[in-house]
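Novice: I'll drop the sequence and a predicted model, then ask my questions.
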Amino acid sequence: MALCRAIPSRLTQLTATGVATACIALLMVTPARAQGHRARLSADLADQLAAQSQAIDLIVHGTRDEVDALAAKYNVVVRKYLKSGAVLRVNAGQLAAIDQDEAVDHLSGDTIIRSKAEVTAEAIGADQVWAGDGNLKPLSGAGVSVAVIDTGIDTRHEALKKRVIFTKDFTGGDGMDRFGHGTHVAGIIAGAGGSTPDTSGYRGIAYGASLVNLRALGDDGSGTVSNVVEAIDYAIDHQKELNIRVINLSLGTPVLQPYRDDPLCEAVERAVDAGMVVVVAAGNQGRNTAGQTVLGSITSPGNSPFAITVGALDAHDTAKRSDDTVATYSSRGPTRYDLIIKPDLSAPGSHIVSAESGDSYLAMTYPERHVAGSGASAFMQLSGTSMSSAVVSGAVALLLDGEKHLGPRAMKDTLEVTASSVPQSGLFDSGVGSLNVAAAALFLAAHARDLPTTEIGGEFVASSGMVALYESGDQKLVFANALTRTSVVNGKSIVWTGSIVWTGSIVWTGSIVWTGSIVWTGSTNDSIVWTGSALDSIVWTGATTKSIVWTGSAFDSIVWTGSTAQSIVWTGATANSIVWTGSAQDSIVWTGSAQDSIVWTGSTADSIVWTGSTAESIVWTGSLN
C-alpha cells in the first residue's frame, strides 16, 4: 500500500504470520451467507425468535391492503394500523415464516419506549434573545407550535394552561400527564413563569410558543414504538392546521437495527422531509453500573441522522460556559450499527427547574425534587437528556420566531456552527459543542436570507466577529468558535486555528495544515475530491479531544500524531489505511472494505471498533486494555 513506506521500521518487522493470524481471525467471524431470502430483523426480534416466544408484536410496512394480505396469508392478528404499515401479533413460527416471505424486506419489534428523566436561560443566551438588541428584534417563540410527544401535559398548571392549543392521546386516555415527565418537558420548552415571586423566573425558553400535546407514553412513563410513530405521523398530517414546526422527543429505546430499518427513525425522516425540526434526547446510558463511560450508547430515534440529537451538560448552577461539563449519564456516540457521529450538540440538562404536575408519579415519588410553589403553580427539578432536548426545542422555536422560513437542515446547521466549545470533550460526548442560541440568532440575522446560495468573493473570508462564512453555489464553509483566526491565504492552502463545520462538497487542489477539529455534515452525493500530487494525505498534529470524521475512497490515507482522547471515524473503500501514533484513550471507529488496514502504535486503554470485510487486517503495537 502507498503508506507502507511511512510505517516505522519496528512495525515493518512484525512477522507475516502475525498479520495472517489477524486476517484469519476476522475471516472466522464473518457470518456465512444465508440460504434463500431472509428479511432483516431487529435485534429484539432475533432474540424472540431464538427463544420461541409465543406473543410477539411485529411492525411491518405496506399499505392496508398489503398488510391485510400478509395477515391473512399467515393467519395473524392485526393489532393496529399505522400510516406506514401495521403492528401484527405473531408467534415465533409465524415470525419465521414471514421472515422468509419474498415480499418482506425488514421487520421490527414494537418495543417499549421510555421517557428520559437530571439551566438557566442565561446559560444558553436565551435572555439575550428575549431582550433583543440593535441588530436583533426581541423573540419569544410566538407563532410557532411545538409538538410534545411524551407522557401528556397537565393543562391545569398555570405555566401551561394557556400554552396547549391541542391535545390527542394515542394511549386511549385523555391526554393528562399522570407521570409528570411531559409536563416538565413542556414547561422547559414554552411554559409561562409562575404567579408568585419565587416562581416567576421559571419560564420556558420559548415562553411565547404554543404546544401541541400528543400523548404517546402511559402513566408509568413508558409506551410502544407504534404509539410514538402514530403521534409523529399525526403531527405530519396536521402540520399546517396546527402550525407545527418542531417535534420534541424526550424519549428513547435501545437501538436494535440500522436507522434505515428502524420505524422510529423512518418516522423522524418523514417529519423532517415534511419541513419540521425533530429534536431528540440522546439517552441517559452514558455510564454503566460500574461507573465506566459507555460509548455507542445513543438511543433510538437519536440515531437518526435527520434528528437533532442532544446530549446533556451539567452547568454547575452557573451561567458561564467555562465550567460546563458533559453529564456523566449523557449517552455517547457513535451510533450502534451505523456508526454515525452523535450527539449533534449538547445543552444544559442537569437540575433543570420546570413545571411540576402535583399528583403525578414523579412528584409523589420524589418530593425532595420540589423547588418552589404549590398546587397548580408548583415547580420541581429533574435531570436528563430529556431536559436538554426540551431546551433545544425551545431554542429552535425562538429562532423560528425570527426566521419562519428556515427549514430543518438549515436550522441544524445553524445550531452546529454557532455552538460553543465544551472544555475537555469531543464529538462522541458533546457533539460539536454547547447550544448558544444568542449566537445562532445573530448568525441568522446576518446570513439566513443569503443561505445557501450567496457567493462571497469566491474565497475564504476571515472575520474578527463570531462567525466567518464562505459560500459558492451549493457549497458552504463556516468557521465558528475559533479563538485565533488566520486570514485566508490563497486558493492552494489554508493555515487555520479553530474549527470547521461544513455542509456541501469540497473540491481542492493543494494542502491543508490544520490545528483544530473538522465536523462534516453532508447530504446525498457530498464528497471530498482531492486533486494534488500522488499519495496525498492529511497530516494531523492535534491536542486533547480533537477528531477527524472522514469519508474517503481508494488509497486515501491519514497520518495522525495525536494525544489523549482523540478519535478517527472512517468510512472508506478499498486499500485505505491509517497510520496512528497516539496515547491513552485514543480510539478508531472504522467501517471499511476489502484490503483496508490499520497500523497502530498506542498505549493503555486504546481501542479499535471495526466493521469490515474480507482481507482486512489490523497491525497493533501497544498494550491490551
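Specialist: Cool, the structure landed.

Novice: Spit out the contact partners of G375.
Specialist: If you count contacts by Cβ atoms under 8 Å, 6 or more residues apart in numbering, G375 has them with G358. Any C-beta I mention is one placed from the backbone N, CA and C, and that applies to glycine too.

Novice: any chance you could map the strands in the stretch 201-350 of the chain?
Specialist: 210-215, 222-224, 244-249, 251-252, 277-281, 308-314, 325-326, 345-348 (DSSP state E, counting those that start in this stretch).

Novice: Let me have those strands in TSV, extended by mean pLDDT and mean neighbour count.
Specialist: As requested, the strands of the stretch 201-350 of the chain are exported to TSV (pLDDT from 0 to 100; neighbours: other Cβ atoms under 10 Å):
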stretch	mean pLDDT	mean neighbour count
strand 210-215	98	27
strand 222-224	96	21
strand 244-249	98	29
strand 251-252	96	30
strand 277-281	98	32
strand 308-314	96	31
strand 325-326	92	22
strand 345-348	95	30
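
Novice: wait, which of those is closest to V78?
Specialist: Among the strands of the stretch 201-350 of the chain, strand 222-224 comes nearest to V78, with 14.8 Å by Cβ to Cβ.

Novice: Make a markdown table out of the strands of the stretch 201-350 of the chain and add distance to S84.
Specialist: Rendered in a markdown table, the data for these read as follows (distance: least, Cβ to Cβ, whole Å):
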| stretch | distance to S84 |
| --- | --- |
| strand 210-215 | 17 |
| strand 222-224 | 15 |
| strand 244-249 | 16 |
| strand 251-252 | 19 |
| strand 277-281 | 16 |
| strand 308-314 | 22 |
| strand 325-326 | 35 |
| strand 345-348 | 29 |
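
Novice: Show me where the stretch 351-500 of the chain has its helices.
Specialist: With DSSP state H, counting those that start in this stretch, the ranges of helices along the stretch 351-500 of the chain come out as 361-365, 385-402, 408-417, 427-430, 437-447.

Novice: Which strands and helices lie in contact with the shortest one?
Specialist: Based on contacts counted as 3 or more Cβ pairs under 8 Å, 6 or more residues apart in numbering; DSSP states H and E, the elements that helix 427-430 packs against are strand 308-314, strand 345-348, strand 567-571.

Novice: Check P197 and give its pLDDT.
Specialist: Looking at P197, its pLDDT is 84.

Novice: Tell me, how many residues neighbour it?
Specialist: 8 (other Cβ atoms under 10 Å).

Novice: Kindly report the same for G36.
Specialist: Other residues close to G36 by other Cβ under 10 Å number 6.

Novice: Identify the residue nearest it in space, chain neighbours excluded?
Specialist: Closest residue to G36 apart from its sequence neighbours, by Cβ to Cβ, 6 or more residues apart in numbering: Q100 at 6.6 Å.

Novice: just A378 next, same as before
Specialist: In space, A378 is closest to E356, 4.1 Å off (Cβ to Cβ, 6+ apart).

Novice: Check G302 too.
Specialist: The shortest distance from G302 to any non-neighbouring residue, by Cβ to Cβ, 6+ apart, is to T309 (4.1 Å).

Novice: What separation do you get for that neighbour and V371?
Specialist: Using Cβ to Cβ, to the nearest Å, T309 is found at 28 Å from V371.

Novice: Repeat that for S322.
Specialist: S322 is 26 Å from V371, by Cβ to Cβ.

Novice: Neighbour count: the two, which is higher?
Specialist: Shown here are S322 and V371; by other Cβ under 10 Å, V371 has more neighbours (15 against 8).

Novice: Identify the bridge partners of the residue nearest to L435 when sequence neighbours are not counted.
Specialist: Nearest residue to L435 in three dimensions, chain neighbours excluded: A347, at 4.2 Å (Cβ to Cβ, 6+ apart). Per DSSP bridges, the residues bridged to A347 are A312.

Novice: now what about stretch 170-179, what contacts it?
Specialist: Contacts for stretch 170-179 (Cβ under 8 Å, 6+ apart): 115, 150-155, 167-169, 183, 213-221, 223, 227, 230-231, 234, 357, 359-362.

Novice: do stretch 222-238 as well
Specialist: When contacts are defined by Cβ under 8 Å, 6+ apart, stretch 222-238 is touched by residues 57, 59, 80, 82-84, 87, 108-115, 147, 149, 168, 170-171, 212, 214-217, 242, 244, 247, 249, 251, 253, 263-264, 267-268, 270-271, 274, 276.

Novice: Now a PyMOL select for only the buried ones of these.
Specialist: Selection command for PyMOL covering only the buried members of those, criterion 16 or more other Cβ atoms under 10 Å:
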select buried, resi 57+59+80+82+84+87+108+109+110+111+113+114+115+147+149+168+170+171+212+214+215+216+217+242+244+247+249+251+253+263+264+267+268+270+271+274+276
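
Novice: Sketch out the low-pLDDT regions of the stretch 251-400 of the chain for me.
Specialist: Nowhere does the stretch 251-400 of the chain drop to pLDDT under 70.

Novice: ok, now the chain?
Specialist: For the chain, residues meeting the criterion pLDDT under 70 lie at 1-35, 116-120, 448-625.

Novice: domains of it?
Specialist: By the assignment in automatic domain parsing, the chain contains the domains 40-110, 115-441, 451-621.

Novice: where do the helices sit along the stretch 101-250 of the chain?
Specialist: Using DSSP H, counting those that start in this stretch, the helices of the stretch 101-250 of the chain run over residues 121-124, 126-131, 181-190, 225-237, 239-242.

Novice: Now for the residue nearest to G36: which residues touch it?
Specialist: Each residue near Q100 by Cβ under 8 Å, 6+ apart is listed here: G36, H37, R38, A39.

Novice: Reformat the residues you listed as CSV; add secondary structure and distance to G394.
Specialist: Formatted as CSV, the contacts of Q100 follow (DSSP: H, G, I helix; E, B strand; the rest coil; distance: Cβ to Cβ, whole Å):
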residue, secondary structure, distance to G394
G36, coil, 51
H37, coil, 47
R38, coil, 44
A39, coil, 40
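
Novice: out of these, which are buried?
Specialist: A39.

Novice: of the contacts of Q100, closest to T335?
Specialist: Among the contacts of Q100, and counting by Cβ to Cβ, the member closest to T335 is A39, at 21.7 Å.

Novice: Quick check: the closest one touching H106?
Specialist: Yes - between A39 and H106 there is a contact at 5.5 Å, judged by Cβ atoms under 8 Å.

Novice: Quick check on the nearest residue to K161 once chain neighbours are set aside: phi, psi?
Specialist: Using Cβ to Cβ, 6+ apart and skipping residues adjacent in sequence, the residue nearest K161 is T155, 5.3 Å away. Backbone torsions of T155, given as degrees, to the nearest 10, read phi -80, psi 0.

Novice: Let me see the contact set for T155.
Specialist: Residues in contact with T155 (Cβ under 8 Å, 6+ apart) are K161, V164, T167, G175, M176, N213.

Novice: Let's see that with 10 Å instead.
Specialist: Neighbour list for T155: K161, K162, R163, V164, T167, G175, M176, D177, T183, A186, L211, N213 [criterion: Cβ atoms under 10 Å, 6 or more residues apart in numbering].

Novice: Any chance of a PyMOL selection covering the buried ones in these?
Specialist: To isolate the buried ones among these in PyMOL, judged by 16+ other Cβ under 10 Å, type:
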select buried, resi 163+164+167+175+176+177+183+186+211+213
